[in-house]
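J.: missing the sequence, but the structure's below:
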């Protein structure tokens, strides 16, 4: 154990081994398409799953990994990893541009740092797909994207370059310093004006292709068209209600992020048919999260509201959370293990529109698998590695 | 149970019922697995408490049940000592202000809100004893306070007392990046150490003058609250609790400790794994923070979940702390569980949140193990202390139940929800009951 410490960071990277054909054999295999399979294999060829079955009938392969438990590679439904770096110094923080309160033109692909240690850290704990991008903290902070956690380059690893546009109706989006809206009403007024502007812009562009390009409005046009949802961070029930009001007015898609007090308005949320990304269970219950509950995921589940687990955004220590461990706390507080697993696999895949590729172990899907030496949620279980597009990354150091 | 100055009779009766009964009639908890934190676990064990103390611990066959005792079935549960947190910021605690980097005269005692919900949330996490400290933005931010999380509303009742009746606590110090800022605070590590050394030299002079006066009031130096606290530290009566992350900063603390002879606990020690040998040689205990992911703070970026295991193997006394609100008191057991995950011995991990921390607060004779004669501080768990599926079901302090998951008010504190961050609801005894005038 101590030998690993000869090198600098405790979470050192495991060696990535690439193979055209590899097999994972698990004593318990959670495919997420039905009941878990006992003693089953997953065959991955050229990055895709080509067979799943009884381990006794396993095809021959040079590269066999045997584990106690395997699940689909985990999907973190909302993170800022890669834009927020581990050191938390200006050099590695690109999640929030404060020069103006509304900058929908900021692309996540132009900011993501694939080799930041946090990318490797979350991969070491089973995350193979990240929904990451600009953070909460200004009214309209920028774009998010979906990327695999290979840690190579954005161009090689990206799944969806534009996933959502981040909006903050929480306290952190009201800086009161003159650089942004100072009140709740002003926030919503500015957001509505921007949406109206985008509507007019889209109409103008439709009339004439020669109309001047405005990058921000170009992005917001996709929101108006219903192609791209707004990811609205809000915690207080009245802020969440404002988010739903704007969504209704403009007939746009929204995803509620954080949503600490959503339990106060479950029928309204259900009626609006929106996804909710509950704040990490261990998020600090301060400020507008003061009424937060560790039971939030369970309450959403019971209300049959679609939700997915996230690691969220942290401005301070720790610089990221671990979606697996946050889900674990939700399990401690009443969510079933199986439902918690869905909230990190099939559910976020559906929300992000990528369920044809990731979120379940099925023939034809990406070869993304998370590997564990026991019950994934137990504190004392280790994530021994993860497989992404058939490439195996064994975890070492603290991540193991 | 001593209850003073309660404003509302209904509340008083409530407490009498849970308090006096436990104190005057022996209570027997039978059938549980007892993690005594002293020896190996006892299956189908019996714990007997009476008048706030543990009076028997052992296997069912070996423990005589006192006549007239209240018997409680704890089959399937695990009972362990009340958790001891050696570093917390609950109660909206504050310390020194921005006027200077060294303020030993400031007491945490005078800042804490005894009705702060953080206290109830800590009870919900199984914490019964806690060292509440001012922050780390000073070289010395003030005097800490050791508290027993009884169900009371004044600091005098929450406080742990020394043998002479004085309120127990340590001194909070810090080095590294937190206390570095513009003057009069230090701008560099060298300056920080120089300021601290100069202050301890002044305290030595004060100590000499007091000694020379030999009790003669005419010869005594003018009384200095700050100097008195520092002298107590140098005489070993007041533990120095020292925030320190980087390996070189840790060694600086050991250097100062050697020079001035104060007793010290190293807190956080993110890079302690790099200097485990040196810490062990200095025979200084470590109160380690367990944060589940890296980053966010430059000097703590090499923090490791393996620190506890490495320090323990080097022979260092290891405890963990919540540093609440950095980590949540309700999840304190998780810190020890993550240490087990990273290779720490299971029994040592159990001790790291109980008796090891009690030692760091000089309270090892009163709390930290299930031992006859110690305070009846214990936690009922639904299962294994290190499992994510386990809940804290009850917390008892000195024979009184202070948390019960089956009580809706307590449950709100355990899970969170609307109103969980309000000051203790008992302070609003007549609100909504037609008592308004």
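T.: Ah, there it is. Just so we're clear, the structure is a prediction, and the values are computed from it rather than from any experiment. Numbers count the residues shown, from 1 in each chain, chains lettered A, B, ... in the order given.
J.: from here on, just use CA atoms for contacts and neighbour counts.
T.: Noted.
J.: next up, the contacts around residue A:76.
T.: A:127, A:129, A:130, A:131, A:309, A:310, A:311, A:323, A:344, A:348 (C-alpha atoms under 8 Å, 6 or more residues apart in numbering or on different chains).
J.: same thing with residue A:169?
T.: Contacts of residue A:169 (C-alpha under 8 Å, 6+ apart): A:139, A:184, A:187, A:188, A:232, A:233, A:234, A:239, A:240, A:243.
J.: for residue A:128, grab the count of nearby residues.
T.: 28 (other C-alpha atoms under 10 Å in any protein chain shown).
J.: identify the residue spatially nearest to residue A:211, adjacent ones excluded.
T.: Nearest residue to residue A:211, sequence neighbours excluded (C-alpha to C-alpha, 6 or more residues apart in numbering or on different chains): residue A:205, at 5.7 Å.
J.: right, and the one you found touches residue A:218 too?
T.: No - if you go by C-alpha atoms under 8 Å, residue A:205 and residue A:218 don't touch, sitting 9.3 Å apart.
J.: next, the closest residue in space to residue B:276 that isn't next to it in sequence: secondary structure please.
T.: In this structure, residue B:276 finds its nearest non-sequential neighbour in residue B:311, 5.4 Å apart by C-alpha to C-alpha, 6+ apart. Classification of residue B:311 using DSSP: H, G, I helix; E, B strand; the rest coil returns helix.
J.: where's residue B:311 relative to chain A, distance?
T.: Residue B:311 sits 11 Å away from chain A when distances are taken as C-alpha to the nearest C-alpha, to the nearest Å.
J.: domain parsing for chain A?
T.: According to automatic domain parsing, chain A is divided into the following domains: A:8-72+A:362-399, A:74-351.
J.: with mean pLDDT and distance to residue B:203 added, can I get those in CSV?
T.: Shown next, in CSV, are the domains of chain A (pLDDT from 0 to 100; distance: least, C-alpha to C-alpha, whole Å):
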stretch, mean pLDDT, distance to residue B:203
domain A:8-72+A:362-399, 89, 40
domain A:74-351, 96, 36
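J.: distance to residue B:180 for the ones you listed - can I get that in a markdown table?
T.: Output for these, formatted as a markdown table (distance: least, C-alpha to C-alpha, whole Å):
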| stretch | distance to residue B:180 |
| --- | --- |
| domain A:8-72+A:362-399 | 25 |
| domain A:74-351 | 16 |
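J.: circling back to that earlier point, looking at the contacts of residue A:169, which are in helices?
T.: Secondary-structure check on the contacts of residue A:169 using DSSP state H: residues within helices are A:184, A:187, A:188, A:239, A:240, A:243.
J.: now list the buried members of the residues you listed.
T.: A:184, A:187, A:188, A:239, A:240, A:243 (16 or more other C-alpha atoms under 10 Å in any protein chain shown).
J.: quick one: the residue nearest to the fifth one when sequence neighbours are not counted and residue A:246, what's the gap?
T.: Meaning residue A:240. Leaving aside its sequence neighbours, residue A:240 sits nearest to residue A:234 (C-alpha to C-alpha, 6+ apart; 5.7 Å). Residue A:234 sits at a distance of 13 Å from residue A:246 (criterion: C-alpha to C-alpha, to the nearest Å).
J.: what are the ranges of the helices in the chain?
T.: No chain in the question, so chain A it is. Using DSSP H, helices in chain A cover A:117-123, A:154-157, A:184-207, A:215-224, A:237-250, A:266-272, A:296-302, A:323-332, A:337-342, A:346-351.
J.: that was the other one, I meant chain B.
T.: Counting by DSSP H, the helices of chain B are B:9-24, B:117-124, B:155-158, B:189-213, B:225-234, B:247-260, B:276-281, B:307-313, B:332-341, B:346-352, B:355-360, B:408-415.
J.: so residue A:337 sits against residue A:331, correct?
T.: Yes - applying C-alpha under 8 Å, one finds residue A:337 in contact with residue A:331, separated by 6.0 Å.
J.: more crowded one of those two?
T.: The neighbour comparison of residue A:337 against residue A:331 (other C-alpha under 10 Å) goes to residue A:331, with 25 against 17.
J.: next, work out how far apart the more buried one and residue A:302 are.
T.: 13 Å.
J.: do the same with residue B:29
T.: In terms of C-alpha to C-alpha, residue B:29 sits 35 Å off from residue A:302.
J.: more crowded one of those two?
T.: Per other C-alpha under 10 Å, whichever of residue B:29 and residue A:302 has more neighbours is residue B:29, with 19 against 11.
J.: enumerate the residues of the stretch 251-400 of chain B near chain A.
T.: B:291-298, B:301-306, B:310, B:325-326, B:328, B:334, B:337-338, B:340-342, B:386-391 (C-alpha under 8 Å from any C-alpha of the partner chain).
J.: ok, residue B:105 - contacts?
T.: B:142, B:143, B:225, B:226, B:227, B:229.
J.: what's the answer for residue A:130, then?
T.: Per C-alpha under 8 Å, 6+ apart, neighbours of residue A:130: A:75, A:76, A:77, A:78, A:79, A:146, A:147, A:148, A:149.
J.: for residue A:48, same thing?
T.: A:363, A:364, A:365, A:366, A:367, A:389, A:390.
J.: in ChimeraX, select just the buried ones from those.
T.: One line in ChimeraX is enough to select the buried ones among the contacts of residue A:48; burial here means 16+ other C-alpha under 10 Å:
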select /A:364,365,366,367,389,390
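J.: let me know the closest of the contacts of residue A:48 to chain B.
T.: residue A:389 (25.4 Å; C-alpha to the nearest C-alpha).
J.: was I right to think the closest one contacts residue A:364?
T.: No - taking contacts as C-alpha under 8 Å, residue A:389 lies outside contact range of residue A:364: 11.4 Å.
J.: by mean pLDDT, flag the weakest helix or strand of chain B.
T.: helix B:9-24 (a mean of 45; mean pLDDT, DSSP states H and E).
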